[in-house]
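Dropping the sequence and predicted coords here.
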Amino acid sequence: MKGWMGKFKFVFLLSFLAIILAGCGRENLTALVPKGYGAESSMNLIVLSTVIMTFVFIVVLSVYLIAIVRFRKKKGQENYIPKQVEGSKKLETIWTVIPIILVLILAVPTVAATFDLADESGKSDHINVDVTGNQYWWHFSYADEEVQTSQDLYIPTGEKVYLNMKSSDVIHSLWVPSISGKMDVNPENENTMYIEANEEGVYWGKCAELCGPSHSLMDFKVIAVSPEEYEQWVADMQSVDPEEKPQDAVAQDGKAAMEANNCLNCHAIGSSPNAVGPNLTNFGDRTKIAGYLETNKQNLVDWLLDPESIKPGNLMTGKYPELSEEEADSIAEYLLQLKPSEITPESAGN
């Protein structure tokens, strides 16, 4: 009895914790609160599969309970052998046909939704963004608008945005749970899907494919703004002059330090084609450094001085001369002043 009670307590505690932890998370990082067409399609499939699994569970449990209650061995029937029904064509047909029907009910809408989200027929009539997955960050190139940015993807609400995705290294997988499904980002071929946000907001994206030691830190954001704000953001990004001199003296020293340490050999500012590292055009507008650190000067200085301790396996480590505290401080000051637009994650409701 003691052993049985111990197991019961363990299962009860485990189930209780599972229920509690199921409520943890962010509203803008969950497929259960859909805010876009792709996420709504996924949610419909989640509901459908849950209904089917619940139906199967109830039927199996009911048959099981009927069997153990109604047909249990009774007193005086110790030697009784019930009717044997092995080889019953009727039973075998039933438990073969029903699962096939249930699988078809689930498979048909799943396949239809998959092809729908990957449909490229209207691609030329909408915004196209070339997405490059890198260890461990994302780059976004708006081909028609001639805008380059990294980590933060700006889109207008109520409009399809086609993502043409390819990896520069290993296999990644782009997923924005609140507004879209997920799709692999491969180095050998380009995959395309579209996303569409129903309302303004900041939606967190993840790499959903194990891609190295900092896979879990490969986060990005989709900033959905009104069509008017999106047009303003594009215009602001297009007007950036990478040669513009900062007004602040410390920031001027930071720009000079970046040039002296060859930082701009890997990073681009403005609409120039991206190099090796993330585009820095609107770095000061981002709310995260390296995808997950809170944006503040101290975190940025720490990142510049020792990126490997913060994001293991990143390709920035060892690619530039060792910086002094003063150089890192001035570079951080310069980067945090790169704010070309008033359209930011904060204005979108971050």
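Looks like it came in fine.

what residue ranges in the stretch 251-350 of the chain score low on pLDDT?
For the stretch 251-350 of the chain, the stretches flagged by pLDDT under 70 are 273-275, 349-350.

all helices in it, in order from the N-terminus.
Taking DSSP state H, counting those that start in this stretch, the helices of the stretch 251-350 of the chain run over residues 297-305, 307-310, 325-336.

Please enumerate the strands of the stretch 251-350 of the chain.
Shown for the stretch 251-350 of the chain, the strands assigned by DSSP state E, counting those that start in this stretch span residues 288-289, 293-294.

What residue in this protein is the furthest from its centre?
In the chain, counting by Cα atoms, centre = their mean, G76 sits farthest out from the average C-alpha position, at 63.4 Å.

Would you mind measuring from that residue to R70?
16 Å (Cβ to Cβ, to the nearest Å). To be clear about C-beta, it is placed using only N, CA and C from the backbone, and glycine gets the same treatment.

out of the helices of the stretch 251-350 of the chain, nearest to A235?
If you check each of these against A235 by Cβ to Cβ, helix 325-336 wins as the nearest, at 22.4 Å.

Can you give me every residue that contacts the nearest residue to A332 once chain neighbours are set aside?
Spatial nearest neighbour of A332, chain neighbours left out: L300 (4.1 Å); criterion: Cβ to Cβ, 6 or more residues apart in numbering. Applying Cβ atoms under 8 Å, 6 or more residues apart in numbering, one finds that L300 lies in contact with I289, A332, L335, L336.

For those, give me TSV that also has neighbour count and distance to S42.
Putting those into TSV (neighbours: other Cβ atoms under 10 Å; distance: Cβ to Cβ, whole Å) gives the following:
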residue	neighbour count	distance to S42
I289	22	30
A332	24	39
L335	24	36
L336	19	37
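
quick revisit: name the stretch among the strands of the stretch 251-350 of the chain that sits most buried.
Ranked by average neighbour count under the criterion mean count of other Cβ atoms under 10 Å, the strands of the stretch 251-350 of the chain are headed by strand 288-289 at a mean of 20.

how far out from the middle of the chain is that strand?
Centroid separation between strand 288-289 and its chain, computed with Cα atoms, centre = their mean, to the nearest Å, is 16 Å.

neighbouring strands for that strand, and are they parallel or not?
Strand 288-289 has the following strand partners under DSSP bridges: strand 293-294 (antiparallel).

Is the residue farthest from the centre of the chain in a helix, a strand, or coil?
The assignment at G76 comes out as coil when based on DSSP: H, G, I helix; E, B strand; the rest coil.

Please enumerate the strands of the chain.
Counting by DSSP state E, one finds strands in the chain at the ranges 127-134, 137-142, 147-150, 152-156, 161-167, 172-175, 182-185, 191-195, 201-207, 220-225, 288-289, 293-294.

and the gap between A18 and V11?
The separation that A18 has from V11, given Cβ to Cβ, amounts to 10 Å.

Likewise for I343?
Note on I343: its distance to V11, by Cβ to Cβ, is 51 Å.

Give me the more crowded residue out of the two.
Under the criterion of other Cβ atoms under 10 Å, the comparison of I343 against V11 puts I343 first, with 24 against 10.

and the more buried one, what does it touch?
Residues near I343 by Cβ under 8 Å, 6+ apart: Y154, V225, E229, Y230, Q232, W233, D236.

Could I get the phi/psi values of it?
The phi and psi torsions at I343 (degrees, to the nearest 10) take the values phi -90, psi 110.

So for it, what's the nearest residue that isn't a sequence neighbour?
Nearest one to I343, counting by Cβ to Cβ, 6+ apart, is W233 at 4.0 Å.

Tell me, what's the model's pLDDT at that neighbour?
Reading off the per-residue confidence, W233 sits at a pLDDT of 96.

What ranges does the stretch 1-150 of the chain have for its helices?
Along the stretch 1-150 of the chain, the segments classed as helices by DSSP H, counting those that start in this stretch run 2-21, 37-70, 89-117.

My read is that the residue nearest to I343 contacts K339, right?
No: counting by Cβ atoms under 8 Å, W233 stays clear of K339, with 12.0 Å between them.

Compare neighbour counts for the two and give me the winner.
W233 (27 against 14).

OK, contacts around that one?
Remark: with contacts taken as Cβ under 8 Å, 6+ apart, W233 is in contact with Y154, V225, S341, I343.

Which one (most neighbours) among the residues you listed?
The most neighbours, when the contacts of W233 are compared by other Cβ under 10 Å, belong to Y154, which has 28 neighbours.

Can you name the two of the contacts of I343 that sit furthest apart?
V225 and D236 (11.9 Å).

what does the domain assignment say about this structure?
Domains of the chain are assigned by automatic domain parsing as 23-75+85-117, 249-348.

any idea which of those domains is most buried?
With neighbours defined by mean count of other Cβ under 10 Å, none of the domains of the chain is more surrounded on average than domain 249-348, at a mean of 18.

ends of that one, how far apart?
The first residue of domain 249-348 is 31 Å away from its last residue (Cα to Cα, to the nearest Å).
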